[in-house]
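Student: fold the following for me, if possible:
(one chain, ligands or ions: 2)
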Amino acid sequence: MLEQKNKIVVVGGGSWATANIKMLTDNTIEKELFWWMRNEQAVEHIKTFRHNPNYLSSVEIRVSAGNISSDLKILLKKANFVLLNVPAAFLKEALQTITAEDLKGKKIVSAIKGIVPDENLIIGEFLNQHYNIPFTDFMVISGPCHAEEVALEKLSYLTIASQDMTLAAEFAGMINTRYIKTIISDDIYGTEYGAVLKNVYAIASGICHGVGYGDNFQSVLISNAIRELERFVAAVHPIDRDIKESAYLGDLLVTAYSQFSRNRTFGNMVGKGYTVKSAQLEMNMIAEGYFAVNCLHQVNKQYGVYMPICEAVYAILYKKATPVIEMRKLAEKLS
Ligand SMILES: NC(=O)C1=CN([C@@H]2O[C@H](COP(=O)(O)OP(=O)(O)OC[C@H]3O[C@@H](n4cnc5c(N)ncnc54)[C@H](O)[C@@H]3O)[C@@H](O)[C@H]2O)C=CC1
Ligand SMILES: O=C(CO)COP(=O)(O)O
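Tutor: Ligands and ions are numbered 1, 2, ... in the order given. Alright, predicted model coming up:
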């Protein structure tokens, strides 16, 4: 039997949350949306003016004013789907007022492309270990898709991954629109880790650009990056997958080359000589790869995968290695 109306709470107030709200409201399947963000001022602004003041401000928000709140616990009581959209580094903080009981029985979708710091866990693992979410109730939404292009209704493809493919198809049906096509997959580990890694490679791409390498070198860097990504996901979750699919290669390409990429922009600043702190302050947006590369460095101690690009980015961001020297050393290892 069809469950009444789907009720979805979107968690997070940044660009991707705003873009997801747009997709969900442009999609014609009947549903009720709730939106949580921590910033009270932004909540009041959106209720009054129907636009997010801080991110993707051009998007008209069509969520009932009464359904937008900074109280997550209350919103969760009304929802059967939860779409997580805060950067991984702030996920614990965002969920600090709730318990496993508040999420019990709900279907959780992660749109986060990061690793929870300190825990060194991807989102599915984190929710499973800390909130008892069964993997069969968990989905990942990923793929090459910048929020800014969603705002412009540029044709984009998203992959919904879940161990329960029927559930993935159900959620895909709730977000596809004229400009969003959906693909479903059962590879939650590869989809999550692939998205985490491509952010680090986009930082590497930005650093290279910042220190003066051209398109010729960038293409060699990225072709090495997809092989590094493939080695790592094969070590963590060895299943038969085609790394050329858009959730893996496509997402790497868009993030490494797009003008909209936060990770590439951040890397470019670091390559040009900004300190990590000053680049972060200047951006007002989050480059997930900065946090992820530290976590990956720890996680890979267990797997021992050869990851020269990740190690170069780690050395630059966490060990104060000089970008130009580190990139020269990396260039010797690429083929
Ligand atoms: N923006 C995009 O095009 C896409 C983003 N994603 C993923 O979506 C997730 C959310 O990223 P975006 O919406 O892009 O973020 P954003 O960079 O647009 O916005 C930053 C977000 O972080 C929050 N934030 C900043 N500092 C904070 C703090 N100290 N404590 C708590 N929260 C804080 C802000 O409230 C805001 O929600 C990330 O994992 C990202 O990788 C995935 C696909 C596309
Ligand atoms: O994941 C993204 C595009 O698919 C967004 O990447 P950035 O966070 O680097 O902007």
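
Student: quick one: the spatially most central residue of the chain from ligand 2, how far?
Tutor: Compute the mean C-alpha point of the chain, and by CA atoms, centre = their mean the closest residue is K113, 2.5 Å away. According to CB to the nearest ligand atom, to the nearest Å, K113 and ligand 2 sit 5 Å apart. Just so you know, the C-beta spots here come from the backbone N, C-alpha and C atoms, and that holds for glycine as well.

Student: quick one, grab the pLDDT at that residue.
Tutor: Note for K113: predicted pLDDT of 98.

Student: please name the nearest non-neighbouring residue to it.
Tutor: Of all residues not flanking K113 in the chain, A195 sits nearest, at 3.8 Å (CB to CB, 6 or more residues apart in numbering).

Student: and ligand 1, is the helix or strand containing the one you found touching that?
Tutor: According to DSSP states H and E, A195 maps onto helix 188-211. No: in terms of CB under 6 Å from any ligand atom, no part of helix 188-211 sits within range of ligand 1; the closest distance is 6.5 Å.

Student: which helix or strand lies directly C-terminal to that helix?
Tutor: helix 215-236.

Student: list the helices and strands that next one packs on?
Tutor: In terms of contacts (3 or more CB pairs under 8 Å, 6 or more residues apart in numbering; DSSP states H and E), helix 215-236 is packed against helix 188-211, helix 251-257, helix 288-303, helix 308-318.

Student: if I pick the residue nearest to K113, what's in contact with it?
Tutor: 113, 140, 142, 247, 251 (CB atoms under 8 Å, 6 or more residues apart in numbering).

Student: residue contacts, the second one?
Tutor: Taking CB under 8 Å, 6+ apart, we find V140 in contact with 109-110, 123-124, 159-162, 188, 191-192, 195.

Student: roughly how far does it sit from ligand 1?
Tutor: The value you get for V140 to ligand 1, if CB to the nearest ligand atom is used, is 10 Å.

Student: in a strand, that residue, correct?
Tutor: Yes: according to DSSP: H, G, I helix; E, B strand; the rest coil, V140 belongs to a strand.

Student: show me what it is bridged to.
Tutor: S110, A161 (DSSP bridges).

Student: where does the stretch 151-300 of the chain dip in pLDDT?
Tutor: Within the stretch 151-300 of the chain, no range satisfies pLDDT under 70.

Student: flag every residue of the stretch 151-300 of the chain that's near ligand 2.
Tutor: Selection of the stretch 151-300 of the chain residues close to ligand 2 by CB under 6 Å from any ligand atom yields 199, 202, 251, 254-255, 260-263, 288.

Student: can you rerun that using 5 Å?
Tutor: When proximity is defined as CB under 5 Å from any ligand atom, the stretch 151-300 of the chain approaches ligand 2 at 251, 255, 261-263.
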